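Colleague: Predicted model and sequence below, questions to follow.
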Amino acid sequence: MTREVAFVGLGNMGSRMARRLVAAGHKVLGFDPGLTGQPGIVSAWASELSDVASADVILFSLPDAAVVGSIMSGDEGETGLIPYLRSGHIVVDLTTSSPSLSRELNEAACAKDAEFLDVGISGGAAGAEKGSLTLMVGGSGTALESVRPLLDVLGSTVVHMGDSGAGHATKILNNFLNAINLSASAEVLMAAQAAGLDVARVLDVINASTGANWATLNRFPHIIHGDYLEGGLTSKLMMKDIQLYLDFVAQIGVPSLHASGPVAAFGSAIQRGYGDEISNKVVDAIGDMSGGRRLQSNQNPTNNQVK
């Protein structure tokens, strides 16, 4: 059965997810002040935020928790979405956001007899394009089952993680490991390049050994040939996710003993002008600090520099 839904935030990830819903036969009402009227993304465009309340299900895909809070609660004299919520409304937040904010917004939604689901997503732009995302859901199980047909269009794996906030908590835990894997692998492979090793061969060995991880298996086989898989999470957004993790573990009393590496790596990438580029470019930032090296420039060395 098709369903009328609204989608707020139609950028890199949101536009791909909205297109999948439209292709599946759903009428999608879009709201994004920066894109209103652009064809081929949604079925129709809302001119005001309040217009999206005409749909029973409202999905968000926004840059960060601050924007989610502004959309829901209002900002600088503007009315947010909360006053327009009614019984039966389900808000599905696909943003990588703060678990504590998600719990607050769930309470506000419940006060209006509505529901708020926090949904962490993993799989990047490619997963959004293919509908193969992993979705980690926090909030009411009943509300989840109501919107599951929509989520099944977006992802191949949908897991109910628990009460409100659990979806976004799971997401930021996963993203911190993503940041470590990417930044550490970039450093190691740049060291291989500097040592005069065949980077492609080193990568093959790592991927058959205990150092294998998502970045070495899925990202660097492309990066070493100059394909940075453009369109994914930027370094600024990666740093935002790292900060969400640090705030979260501080709140629950767990020390973060491994944050310095990715903070330094992505902080350096931002300082060197890669902030708005895909986070995979962190390897180029490390290369800049290593004398201007690039991984793809030395895959088949003629002189072995290893001493």
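Modeller: That came in fine, so what should we check first? Numbers count the residues shown, from 1 in each chain.

Colleague: Name the residues of stretch 112-129 that come out as buried.
Modeller: Within stretch 112-129, the residues that qualify as buried by neighbour count (16 or more other CB atoms under 10 Å) are 114-125, 127-129. (Each C-beta comes from the backbone N, C-alpha and C, glycine too.)

Colleague: which one of these sits closest to residue 90?
Modeller: Within the buried residues of stretch 112-129, distances to residue 90 taken as CB to CB reach their minimum at residue 115, with 4.7 Å.

Colleague: and the closest one, what does it touch?
Modeller: When contacts are counted by CB atoms under 8 Å, 6 or more residues apart in numbering, residue 115 touches 89, 90, 91, 106, 109, 139, 140, 143.

Colleague: Enumerate the beta-bridge partners assigned to it.
Modeller: Beta bridges link residue 115 to residue 90 when assigned by DSSP bridges.

Colleague: Next one: it from residue 146, what distance?
Modeller: The gap separating residue 115 from residue 146 is 8 Å, by CB to CB, to the nearest Å.

Colleague: With residue 34 instead?
Modeller: Here the criterion is CB to CB. By it, residue 34 lies 30 Å from residue 146.

Colleague: repeat for residue 173
Modeller: The span separating residue 173 from residue 146 equals 26 Å under the rule CB to CB.

Colleague: Give me the common contacts of residue 115 and residue 146.
Modeller: Any residue near both residue 115 and residue 146 by CB under 8 Å, 6+ apart counts here, and that gives residue 90.

Colleague: Which strand or helix spans the closest residue to residue 102 other than its chain neighbours?
Modeller: Setting aside the residues directly before and after it, residue 102 is nearest to residue 118 in space (CB to CB, 6 or more residues apart in numbering), at 3.8 Å. Assigned by DSSP states H and E, residue 118 belongs to strand 115-122.

Colleague: Keeping just the C-alphas, turn that strand into PDB.
Modeller: Once side chains and other backbone atoms are set aside, the C-alpha atoms of strand 115-122 remain, and they are given as PDB (Å, rounded to 0.1, in the frame of the first residue of the first chain):
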ATOM      1  CA  GLU A 115       5.400   9.600  17.900                       C
ATOM      2  CA  PHE A 116       9.100  10.500  17.300                       C
ATOM      3  CA  LEU A 117      11.500   7.800  16.000                       C
ATOM      4  CA  ASP A 118      15.200   8.400  16.000                       C
ATOM      5  CA  VAL A 119      16.700   6.400  13.100                       C
ATOM      6  CA  GLY A 120      20.500   6.100  12.600                       C
ATOM      7  CA  ILE A 121      21.400   5.100   9.100                       C
ATOM      8  CA  SER A 122      24.600   3.600   7.700                       C
END
